[in-house]
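sequence and predicted model, in that order:
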Amino acid sequence: MQYKNGILAIAVLMGVFSCTHREDDGIQKVKFQAIQADGPSTKTVLQADGSVFWSPGDGVSLFYGGATIQKTQLTAENTSAAAQTIFSGVLDGFLPDGSTDFWAVYPYSADTDFDGTAVTVTVPAEQTAVEGTFSSDAFVSIATSKDYTLQFYNLCGGIKFSVANQGIQSVIFSGNNDEILAGQVQATFDENGKPVVTEVVKGTMELVLNGPDGGFEVGKWYYLVALPTTLSTGYTMTFLDATGEVVAERVTDTAISIKRAVWGKLTEADNVEEPISASKYLTFTSEGTTKITLYNGPGNAPVLYYSDDTENWKQWDYDTLYVTANKPLYLCGSNPEGLSTSMDLYSQFKTKGDDFAVSGSVMSLLNKDTDITVIPSAFCFYNLFDGCVQMTSAPSLPATTLAKGCYMGMFSYCYKLTEAPVLASTSLADYCYEKMFLACYGLTSAPELPATTLATSCYKEMFSYCTGLTSAPELPAMTMADTCYEDMFSNCTHLIAAPDLPATVLARACYGGMFYNCSGLTKAPDKLPALTLAEECYNSMFNLCTSLTKGPELPAPTLVKGCYGGMFENCHTNFNYIKCLATDISADDCLGNWVFDVAESGTFVKAANVQWPRGASGIPEGWTVENATQNPNSGENEGYEFENW
């Protein structure tokens, strides 16, 4: 009998058929209808349509005769695989009377016996694998009838499995508590009319399934037939190659039952890696449908896992994943060396579709099982969400120990991001926040920035083009690093007030372009208190701040190369007041174009007895000059005297 998809099910033949022909010598020719009474009645019967196909030449053992039991073989009459067939054979000296039972057993075997109440059958311990079905001599079925219609019921169940690896030639299956799985048994029908084993005559505790020539094919389904039983402490499934070497072994310790007419399903049964678990993960939720892919730079291939229920995880092969309104996506990873390692070897989410939000700790992409706060590699999250224009909220960033460029460009061009995550670290690394929120137009407030230990370019362009920002966070650091605040708020056209800048130890270009083109800025810090300057430290700091009316007090006595270059350039007609108390303005280009294109009239307060040039690189033409009479750096109250130029 050939069972498509490997399960016995109802295949009722048309009507009730009977046909006899009696010869003179007492031999009677008979024909029986074959009906499979079992069908896919539960969800554990995992088949496509449950159909049964009889193969040409299929045979069954038929027992008849009442008190004098006789046995004969019936043979299927179909010439090709068929869902319906007729079995024919002969009866010797017996005339069916409608009250005497027939008993039939599939498949035919000379060893099959019947004692009047139970049949003795053998389920082979060694079976031959057939793709898509089971060994033809293995799946025992039993029928009993008083007429010529035989309804067959399955005696056995078993395991349906596929393999993931080439080269497997045989499979051995056993229960961990020495349960009987095959062998010679007696079986009859219970009170519900279903076959049941009543006695084990000679049992076997191990099943062997020998593969076809060339071994088991990857992705194909194969079947092991077993007697119904409960494997009380689980099972062991061993996979061997053609030389008999063990290539994989699946061992479980959970009780499981082999049920009559039911197949347990194991996909890639030889894939015995531990199931992936995760307690830390990112959650993606969508307002509709969002497609997510991952770009990986040459040679970069992080290990990431995804799930739709947080219980069953699969490793991401970087094919497109989907998030829908009713089905979140969960992502995590095992990347202890970092998600990305350079500006070339980096990974980046690419998204299309509807708006989506992300929650959870981004560190779960590095360690799915443990909370960690140390970023392990330079550029670890470089450009991770860059260009995710549909992103409305960001994951948390709990790291307290940062690495070079770790968050560089992480959320740049996330236009719909309205709130930035908390940034807890007080000690920064080179480039760590550079361009982190570049062009996040929807960002309405910046996170607190508690760091007091800065690093090269740590805040460079961090909020550049964040046109939704109206206020800036406090910046408590007292010691600067090279280019640390360079262009930090450049092009934030709606920023109204600059924060206090208390630092007294400066570094090269530390404030360069910090508020460049902040055209809505109406208030600068009251004072820039550092007395010792660094090259280009304030270069273009307030360039194009067209709403600014006055600059901060500048008490530093000695100017250095480029320190004030372009500082108030292009502030236009509203800007009309500067207090600069420098006593040495001789450094190269220290004032280059610092007041180019400002108001035609205004007030300039300077240290007494210091000669200043007029023009774009000095005191603006047409401005009134006031001299400070007291030591400009004494900290005392100051009075002024006027000097006509």
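Received it, and whenever you're ready, just let me know what you need.

residue ranges in this structure under the pLDDT threshold?
Filtered on pLDDT under 70, the chain yields the residue ranges 1-26, 39-54, 82-83, 629-645.

again, only this time at 80
Within the chain, the set of residues satisfying pLDDT under 80 comprises 1-26, 34-54, 81-85, 95-96, 136, 273-275, 629-645.

tell me the contacts of the nearest residue in space to T310 that is not next to it in sequence?
With sequence-adjacent residues excluded and distances taken as Cβ to Cβ, 6 or more residues apart in numbering, T310 is closest to Y330, at 5.4 Å. The way it works is simple: take the backbone N, C-alpha and C, and place the C-beta from them, glycine included. Contacts for Y330 (Cβ atoms under 8 Å, 6 or more residues apart in numbering) come out as 278, 281-284, 306-310.

how about K550?
K550 makes contact with 524, 575-578 under the criterion Cβ under 8 Å, 6+ apart.

if we can go back for a sec, what is the nearest of the contacts of Y330 to G98?
G98 lies nearest to D309 out of the contacts of Y330, by Cβ to Cβ, at 57.7 Å.

which SS state does that closest one fall under?
Secondary structure for D309, judged by DSSP: H, G, I helix; E, B strand; the rest coil, is coil.

if I look at the nearest residue to it once chain neighbours are set aside, how far off is L365?
In space, and not counting its chain neighbours, D309 is closest to Y330: 7.9 Å by Cβ to Cβ, 6+ apart. Y330 is 12 Å from L365, where distance means Cβ to Cβ, to the nearest Å.

what do those two both touch?
Jointly contacting Y330 and L365 under the rule Cβ under 8 Å, 6+ apart are L282.

list the beta-bridge partners for the residue nearest to D309.
Applying DSSP bridges to Y330 yields these beta-bridge partners: T283, S307.

ok, residues contacting stretch 479-490?
The set of residues external to stretch 479-490 that reach it, using Cβ under 8 Å, 6+ apart, is 453-466, 469, 472, 475, 477, 495, 498, 503-518, 534, 537.

which residue ranges of the stretch 301-450 of the chain form helices?
Counting by DSSP state H, counting those that start in this stretch, the stretch 301-450 of the chain has no helices to list.

typed the wrong thing, it's the stretch 151-300 of the chain
Assigned by DSSP H, counting those that start in this stretch, the stretch 151-300 of the chain shows no helices.

what about the strands in it?
157-161, 170-175, 182-189, 195-204, 206-210, 222-226, 229-231, 235-240, 246-251, 256-258, 263-266, 282-286, 289-296 (DSSP state E, counting those that start in this stretch).

format those strands as JSON lines; extra columns: mean neighbour count.
Converted to JSON lines, these look like this (neighbours: other Cβ atoms under 10 Å):
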{"stretch": "strand 157-161", "mean neighbour count": "24"}
{"stretch": "strand 170-175", "mean neighbour count": "20"}
{"stretch": "strand 182-189", "mean neighbour count": "19"}
{"stretch": "strand 195-204", "mean neighbour count": "16"}
{"stretch": "strand 206-210", "mean neighbour count": "20"}
{"stretch": "strand 222-226", "mean neighbour count": "26"}
{"stretch": "strand 229-231", "mean neighbour count": "17"}
{"stretch": "strand 235-240", "mean neighbour count": "20"}
{"stretch": "strand 246-251", "mean neighbour count": "14"}
{"stretch": "strand 256-258", "mean neighbour count": "17"}
{"stretch": "strand 263-266", "mean neighbour count": "18"}
{"stretch": "strand 282-286", "mean neighbour count": "21"}
{"stretch": "strand 289-296", "mean neighbour count": "17"}
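
and those strands: which comes nearest L423?
Among those, the nearest to L423 by Cβ to Cβ is strand 282-286 (17.9 Å).

what angle do that closest one and strand 289-296 make?
Here strand 282-286 points in a direction 140 degrees away from that of strand 289-296 (axes from the mean of the first three to the mean of the last three Cα atoms, to 10 degrees).

okay, which residue is most central for this protein?
For the chain, the residue nearest the mean C-alpha position is Y306 (2.2 Å; Cα atoms, centre = their mean).
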